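# pasting the structure only:
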């Protein structure tokens, strides 16, 4: 799995190269998607039994 360390952000640090927005998708026990920007967070979860 690709990713970036969160260590630069621990304790209120900064990471100027980190993107301002993030898209997340969960598809294991629960199907859901989320978009996060500096100002907003929007999260949608599928009801139980919905096809991914």
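Sure thing, it's come through. On a predicted model such as this, the values are computed, not experimentally measured, just so you know.

# and stretch 8-20, what's its mean pLDDT?
Confidence over stretch 8-20, taken as the mean pLDDT, stands at 82.

# no no, stretch 36-47
86.

# quick one: buried residues of that stretch?
For stretch 36-47, burial by neighbour count (16 or more other C-beta atoms under 10 Å) applies to no residue. For the C-beta atoms, the positions are set from N, CA and C on the backbone; glycine is no exception.

# tell me how far the ends of that stretch are from each other?
End-to-end distance for stretch 36-47, by C-alpha to C-alpha, to the nearest Å: 21 Å.

# cool, and stretch 36-46?
By C-alpha to C-alpha, the extent of stretch 36-46 from end to end equals 18 Å.

# Need the contact partners of that stretch.
With contact meaning C-beta atoms under 8 Å, 6 or more residues apart in numbering, stretch 36-46 is reached by 20-22, 24, 30-35, 52.

# Could you export these as JSON lines, including neighbour count and secondary structure?
As requested, those are arranged in JSON lines below (neighbours: other C-beta atoms under 10 Å; DSSP: H, G, I helix; E, B strand; the rest coil):
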{"residue": "20", "neighbour count": "8", "secondary structure": "coil"}
{"residue": "21", "neighbour count": "10", "secondary structure": "coil"}
{"residue": "22", "neighbour count": "11", "secondary structure": "strand"}
{"residue": "24", "neighbour count": "10", "secondary structure": "strand"}
{"residue": "30", "neighbour count": "11", "secondary structure": "coil"}
{"residue": "31", "neighbour count": "17", "secondary structure": "strand"}
{"residue": "32", "neighbour count": "13", "secondary structure": "strand"}
{"residue": "33", "neighbour count": "14", "secondary structure": "strand"}
{"residue": "34", "neighbour count": "14", "secondary structure": "strand"}
{"residue": "35", "neighbour count": "13", "secondary structure": "strand"}
{"residue": "52", "neighbour count": "10", "secondary structure": "coil"}
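
# can you put these in a markdown table and add distance to residue 4?
Below are those laid out as a markdown table (distance: C-beta to C-beta, whole Å):
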| residue | distance to residue 4 |
| --- | --- |
| 20 | 14 |
| 21 | 14 |
| 22 | 11 |
| 24 | 14 |
| 30 | 24 |
| 31 | 25 |
| 32 | 21 |
| 33 | 20 |
| 34 | 17 |
| 35 | 18 |
| 52 | 26 |
